[in-house]
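>>> Using only what follows, build the 3D model:
(one chain, ligands or ions: 1)
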Amino acid sequence: MKAFQASPQSFQKLETKAPFLLIENVAKIYPTAKGNYTVLENVDLSVNKGEFICVIGHSGCGKSTLLNMVGGFSQPSVGRVELKGEPILKPGPDRMMVFQGYALLPWKTAFENIYLAVNSVFPHKSKAEKVSIVHEHLAMVGLSEAADKKPKQLSGGMRQRVAIARALSIRPEILILDEPFGALDQITKEELQEELMKICGEQNCTVLMITHDIDEALFLADRLVMMTNGPAAKIGEILSIPFDRPRDRDRIMEDPEYYNLRNYALDFLYHRFAHDDE
Ligand SMILES: Nc1ncnc2c1ncn2[C@@H]1O[C@H](COP(=O)(O)OP(=O)(O)OP(=O)(O)O)[C@@H](O)[C@H]1O
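This next block holds a predicted model:
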């Protein structure tokens, strides 16, 4: 019998590639006056490049704590958080966060808010290139006409568009969204969800997004991460959202699977892991 001889190619195939984003056995423990408080425990999640992940869970379970560790704003007490095999030790332009509160500089125009970010991340690009990046991203979110307006002259939806354009303009590896549409009315919210989905599809963005809105998660996500209640919250279950892309809201809402998933997630939140005060 001929002995099996491994070729260099077969070794290459056996090599295990580090996941794009790895959250492994993570715990976060805060020291408090009453002793240690464990917010998260045994959290494991591996995210592929280009995946859209939504995270839901009751208030205070530790969703922001988890995303802040991916953002590099805090470190896990136990376990590891790695991007492309490298530990995340501090914030960086490869991971941009967008919050509910927009966080735009009020004295700068929409253009200037984005330009500032582009200029700080790409200082060696020419002025013309940087200006072109800003215009491209303002156009992407439909705000070319509002370039010279200051935040107070913009609606909430427009401000959030500027914040998203600013985050995307520096080409982050991961876009981290902490309830970005939570303060918006339903119509504006749905418009922004559609724009975000289109942009992320075109740019193959990897997204981690916290939301309290199950319909938003079912429309946007490839996977829905459902957290158990704290203290010591963990990932209870992960639902794969199977709808083809590009997604059409009306079409997926006609799919019986949509209601199966919706009911499953609602049952998880309001029966299996109901919050005491809800
Ligand atoms: N620095 C800290 N020291 C002690 N406890 C903290 C600290 N930061 C957060 N916590 C606690 O950790 C828990 C999780 O907070 P976190 O903001 O991550 O929850 P969340 O799921 O994002 O909540 P929400 O949906 O209300 O935004 C809360 O009980 C909070 O009080």
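>>> contacts and neighbour counts: CA atoms only from here.
Fine.
>>> Flag every buried residue along stretch 221-232.
Going by neighbour count (16 or more other C-alpha atoms under 10 Å), the buried part of stretch 221-232 is 221-230, 232.
>>> Oops, could you answer that again for stretch 199-206 instead?
199-201, 205-206.
>>> still on that earlier bit, nearest to residue 45, of the buried residues of stretch 221-232?
Nearest to residue 45 among those is residue 225, at 9.0 Å by C-alpha to C-alpha.
>>> ok now do the closest one, which residues does it touch?
53-56, 235-239 (C-alpha atoms under 8 Å, 6 or more residues apart in numbering).
>>> before we move on, back to that, specify which member of the buried residues of stretch 221-232 is nearest to residue 22.
So of those, ranked by how close each gets to residue 22 (C-alpha to C-alpha), first place is residue 225, at 14.3 Å.
>>> Read off the pLDDT value for the closest one.
If you check residue 225, the pLDDT there is 98.
>>> So which bits of the helix or strand containing residue 188 are buried?
Residue 188 is part of helix 186-203 when elements are defined by DSSP states H and E. Neighbour-count burial for helix 186-203, with 16+ other C-alpha under 10 Å as criterion, is recorded at 188-190, 192-201.
>>> Let me know the closest of the residues you listed to the ligand.
residue 189 (18.0 Å; C-alpha to the nearest ligand atom).
>>> you'd agree the closest one is up against residue 181?
Yes - counting by C-alpha atoms under 8 Å, residue 189 does reach residue 181; the two are 5.8 Å apart.
>>> in the stretch 101-250 of the chain, which spans are strands?
Ranges of strands within the stretch 101-250 of the chain are 174-178, 206-210, 223-227, 235-240, based on DSSP state E, counting those that start in this stretch.
>>> counting contacts, what elements does the second one pack onto?
This means strand 206-210. Contacts defined by 3 or more C-alpha pairs under 8 Å, 6 or more residues apart in numbering; DSSP states H and E place strand 206-210 against strand 52-56, helix 63-71, strand 174-178.
>>> closest to the ligand out of the ones you listed?
Closest approach to the ligand among the helices and strands packed on strand 206-210 (C-alpha to the nearest ligand atom): helix 63-71, 3.7 Å.
>>> mean confidence for the closest one?
Averaged across helix 63-71, the pLDDT comes to 96.
>>> ok, now how distant is the residue positioned nearest the centre of the chain from residue 133?
Taking C-alpha atoms, centre = their mean, the centroid of the chain lies closest to residue 208, which sits 2.1 Å from it. To residue 133, residue 208 is 24 Å away according to C-alpha to C-alpha, to the nearest Å.
>>> Please apply the same query to residue 126.
11 Å.
>>> And the two? Which one has more around it.
Each of residue 126 and residue 133 has its neighbours counted (other C-alpha atoms under 10 Å); residue 133 has more, 17 against 11.
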